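Enquirer: sequence below, structure please.
(one chain, ligands or ions: 2)
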Amino acid sequence: MAQEKIEKISAVKGMNDILPPESARWEWLEGAVRELMARYAYRNIRTPMLEHTALFVRGIGEVTDIVEKEMYSFQDRSDKHGDNDHLSLRPEGTASVVRAVIEHNALYDGGKRLYYMGPMFRRERPQRGRYRQFHQIGAEVLGFPGPDVDAELILLASALWRAIGLIDVRLELNSLGQRAERARYRAELIAYFEHHADSLDEDARRRLHSNPLRILDTKNPAMRELVESAPKLLDFLGPESLAHFNSLRAILDANGIAYTINPYLVRGLDYYNLTVFEFVTDRLGAQGTVCAGGRYDDLIAQIGGKSAPAVGWALGMERVLALLEGQGSAPPTYAPHAYAVVPDISALPQVLHTLQQLRAAGVRVQMHAAGPDGLLGSFKSQFKKADASGANYALIFGADELARGEVAVKVLRDGSGAQMVYALADLPALARHLQSQDHND
Ligand code: ATP
Ligand code: MG
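Expert: Residues are numbered from 1 along each chain as shown. Ligands and ions are numbered 1, 2, ... in the order given. You can find the predicted model right below:
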């Protein structure tokens, strides 16, 4: 019968599959983060990927790229609460964390240190380091007002770079002061830009009265000179804001954390105050921000909770992994310790039972599986697969060995082809031997 040609369906543009061996790097990074977060006493939080659109409109702000044009939003089929069904895929994590903390009254017994990892969605133009589904790791500290936790978060990020061997990221720091200070600055900034209205690009003109600080964040080189001559927010800060900033700097200095003060770092969003920071690199072109964060003492109240201070950061996993790859740092392989060669199909029940016990003892074992013909294949072809698996050892379950209650172990990696024999009655000894060459753990 003639088959109709079925068109292939590919992944959505800007959304990537992550297959092995690449996925090993992801698991490894996630593992390093979990380990580090535990050392700083940050606990994991998991929130839904879908939220009411209103949460992001309120939490991120109406006049932001994200809310203006980047969200994946849709009208859900209406249930009995007919007006509550405008939903969006989360474009970032902070708003959801804040919502969850409010909803569960999680600050009732004091502050919380939280972290999350997971996919975020923004309808941006896909390019290197910029995707429509991307992955963030975020840390949020809620309920503490002091520069000590701002510093802790920055030290935590720096420790992460060290733990994963990331070099070439530098820290940029600024303070946005408090709302009243920003309001004075905002007025001056609008006056300055109005005075130079002819030099403003379209984006800047649109934002002049709604979100003028965001103009400082422009990526348009033609606007650079104008921005560099603009009034500086730091000059508008009062003594309390300056003291907060200076205490943070003193802690960073005492810890040998280098930074530059970047007066154009504004993070654009209305709710940020006092500390803002970014870890940046020159190695990813326009996608140079690896990790960004700051204090958002007004957000919890803005989303409807009882006012409480908060600070956090988020990093882009794709960018971190691209940097590590660019550095040539070796990816973890998680190759099996051993590959089980099975010359005869009748041995399978006993072989699988043995492999179960080795795995229970911590050994990574890949079993040679039968092909489409139901056969296991020649000794030679099985050894080829054993080599390709990356395993250090082949376990050979030959009929003679099994009859003697033994398994032969052959070294695959060092070229010696050395072979030894282990008694099946002493699997713990075999398990230890198979794991002794592992440098991945
Ligand atoms: P950018 O200026 O690069 O657009 P952003 O200010 O929009 O970044 P945040 O919302 O602060 O980014 O998100 C924190 C981090 O998440 C960024 O520093 C970046 O590493 C990563 N990130 C943001 N958007 C994307 C994306 N579309 N694809 C991949 N990573 C992203
Ligand atoms: Mg962006």
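Enquirer: just want the residue of this structure that's nearest ligand 1.
Expert: Going by CB to the nearest ligand atom, ligand 1 is nearest to G316 of the chain, at 2.4 Å. (Each C-beta comes from the backbone N, C-alpha and C, glycine too.)
Enquirer: what count of nearby residues applies to the closest residue to L208 other than its chain neighbours?
Expert: With CB to CB, 6 or more residues apart in numbering as the measure, F193 is the residue that lies nearest to L208, at 5.7 Å, once sequence neighbours are left out. For F193, the neighbour count with other CB atoms under 10 Å is 22.
Enquirer: which element is F193 on?
Expert: Of the helices and strands defined by DSSP states H and E, F193 is found in helix 179-195.
Enquirer: just give me how far that helix sits from the chain centre.
Expert: Here the centre of mass of C-alpha atoms in helix 179-195, compared against the chain's by CA atoms, centre = their mean, to the nearest Å, lies 35 Å away.
Enquirer: what residues of it count as buried?
Expert: Buried residues in helix 179-195, defined by neighbour count with 16 or more other CB atoms under 10 Å: E181, R182, Y185, R186, L189, F193.
Enquirer: up against ligand 1, what does the stretch 301-441 of the chain have?
Expert: Contact residues (CB under 6 Å from any ligand atom) of the stretch 301-441 of the chain with ligand 1: A314, L315, G316, E318, R319.
Enquirer: residue contacts, the last one?
Expert: This points to R319. Applying CB atoms under 8 Å, 6 or more residues apart in numbering to R319 gives the contacts G129, T281, L284, Q287, T289, V290.
Enquirer: and those, which is closest to S210?
Expert: T289 (22.7 Å; CB to CB).
Enquirer: from G305, how far out is the closest one?
Expert: 28 Å (CB to CB, to the nearest Å).
Enquirer: outline the domain layout of this protein.
Expert: When the chain is parsed with automatic domain parsing, its domains come out as 22-177+237-326, 338-435.
Enquirer: what about the shortest one, start to end distance?
Expert: The straight-line separation of the ends of domain 338-435 (CA to CA, to the nearest Å) is 9 Å.
Enquirer: identify each buried residue in stretch 252-262, please.
Expert: With burial defined by 16+ other CB under 10 Å, the residues of stretch 252-262 counted as buried are L252, I257, Y259, N262.
Enquirer: centre of the chain to that stretch, how far?
Expert: Computed by CA atoms, centre = their mean, the chain-centroid distance of stretch 252-262 equals 24 Å.
Enquirer: looking at this structure, which helix or strand is least sure?
Expert: helix 65 (a mean of 85; mean pLDDT, DSSP states H and E).
Enquirer: what's stretch 48-56 in contact with?
Expert: Outside stretch 48-56, the residues that touch it by CB under 8 Å, 6+ apart are 66-67, 71, 73, 84, 86-92, 95-96, 99, 118-119, 121, 303.
Enquirer: then stretch 248-255?
Expert: Under the criterion CB under 8 Å, 6+ apart, external residues in contact with stretch 248-255 comprise P147, D148, D150, A151, I154, L155, S158, L171, L173, Y259, T275.
Enquirer: ditto for stretch 206-217
Expert: Contacts of stretch 206-217 from elsewhere in the structure, counted by CB under 8 Å, 6+ apart, are 61, 63-64, 176, 182, 185-186, 189-190, 193-194, 200, 203-204, 223, 227, 230, 233, 263-268, 270.
Enquirer: of these, just the buried ones, PyMOL syntax please.
Expert: Command for PyMOL, covering only those of these found buried under the criterion 16+ other CB under 10 Å:
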select buried, resi 61+63+64+176+182+185+186+189+193+200+204+223+227+230+233+263+264+265+266+267+268+270
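Enquirer: remind me which residues of this protein are low pLDDT?
Expert: Regions of the chain meeting the criterion pLDDT under 70 cover residues 1-2, 79-84, 268-270, 438-441.
Enquirer: for V363, give me its contacts.
Expert: Taking CB under 8 Å, 6+ apart as the contact definition, V363 lies against H337, A338, A431, L434, Q435.
Enquirer: from those residues, which is closest to S247?
Expert: Proximity to S247 was ranked across those by CB to CB; first place goes to Q435, at 48.3 Å.
Enquirer: enumerate the residues of the stretch 51-200 of the chain near ligand 1.
Expert: Counting by CB under 6 Å from any ligand atom, the residues of the stretch 51-200 of the chain near ligand 1 are E92, R122, E124, G129, R130, Y131, F134, Q136.
Enquirer: farthest-separated two in these?
Expert: The most widely separated members of these are E92 and G129, with 16.3 Å between them, by CB to CB.
Enquirer: picking that back up, out of the residues of the stretch 51-200 of the chain next to ligand 1, which sit inside helices?
Expert: Among those, no member is found in helices (DSSP state H).
Enquirer: from K232, how far off is G405?
Expert: Separation of G405 from K232 (CB to CB): 80 Å.
Enquirer: these two: which is more packed in?
Expert: Just comparing G405 and K232: by other CB under 10 Å the higher neighbour count belongs to K232, 15 against 10.
Enquirer: from memory the more buried one sits against L265, does it?
Expert: No. The pair K232 and L265 does not pass the contact test of CB atoms under 8 Å, sitting 11.3 Å apart.
Enquirer: quick one, what contacts Q133?
Expert: Neighbouring residues of Q133 by CB under 8 Å, 6+ apart: V12, G14, M15, N16, P119, M120, F121.
Enquirer: leaving out chain neighbours, which residue sits closest to the first one?
Expert: Counting by CB to CB, 6+ apart, R132 is the residue found nearest to V12 once chain neighbours are left out, at 7.0 Å.
Enquirer: can you count the residues close to the one you found?
Expert: 19.
Enquirer: now the residue nearest to K13 when sequence neighbours are not counted: how far from V407?
Expert: In space, K13 comes closest to P126 once its chain neighbours are excluded; the distance is 6.2 Å by CB to CB, 6+ apart. Per CB to CB, P126 is found 50 Å from V407.
Enquirer: where do the strands of the stretch 151-300 of the chain begin and end?
Expert: In chain order, the stretch 151-300 of the chain shows strands spanning 170-175, 259-261, 273-280, 289-295, with DSSP state E, counting those that start in this stretch as the criterion.
Enquirer: and what of the stretch 1-150 of the chain?
Expert: Per DSSP E, counting those that start in this stretch, the stretch 1-150 of the chain carries strands over the ranges 43-44, 50-52, 73-75, 86-89, 112-121, 133-142.
Enquirer: give me the sheet partners of the shortest one and which way each runs.
Expert: If I follow you right, that is strand 43-44. strand 112-121 (parallel) (DSSP bridges).
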